[in-house]
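Enquirer: test case, fold it:
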Amino acid sequence: MILNYHTFYMNLISQILTEAIYHQDLVSSNLDSVWYNTKTEKLRVKFLSGGIYQYTDVPEEIYEELINATSHGSFFYYNIAYSFPYKRIRKGKKIKKLNSKKR
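Expert: Okay, here's the model as predicted:
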């Protein structure tokens, strides 16, 4: 019985140590922050509107390029938004643009 518990906990610790979840706040006109799980290769993106989307099968290199991009929003749009499977986790609210005039 002790061996089984020991094996269970050693496997659990091994899983925890091989999985890293990164969180990064972004300075962007559209994106608020991102989370990335190295084990599952899932990227969660939170928009300034409050909407959250989860993208699957995103390589770690793409996450790193997003974090290091000069424009996070542009990199996201051209390299992630329509390149990986995704699902909406939470719907965002519409943001009114400043200086917009009704005609």
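Enquirer: give me the number of residues near F75?
Expert: Per other CB atoms under 10 Å, the neighbour tally for F75 reads 19. From N, CA and C alone the C-beta is placed, and that goes for glycine too.
Enquirer: could you look up the SS state of it?
Expert: Using DSSP: H, G, I helix; E, B strand; the rest coil, the structure places F75 in helix.
Enquirer: residues touching it, list them.
Expert: E65, L66, A69 (CB atoms under 8 Å, 6 or more residues apart in numbering).
Enquirer: and stretch 82-89, average pLDDT?
Expert: Averaged over stretch 82-89, pLDDT sits at 96.
Enquirer: do stretch 32-46 as well
Expert: For stretch 32-46, mean pLDDT rounds to 95.
Enquirer: buried residues, it. List them.
Expert: By neighbour count on 16 or more other CB atoms under 10 Å, the buried set for stretch 32-46 is D32, V34, W35, Y36, N37, E41, K42, L43, R44, V45, K46.
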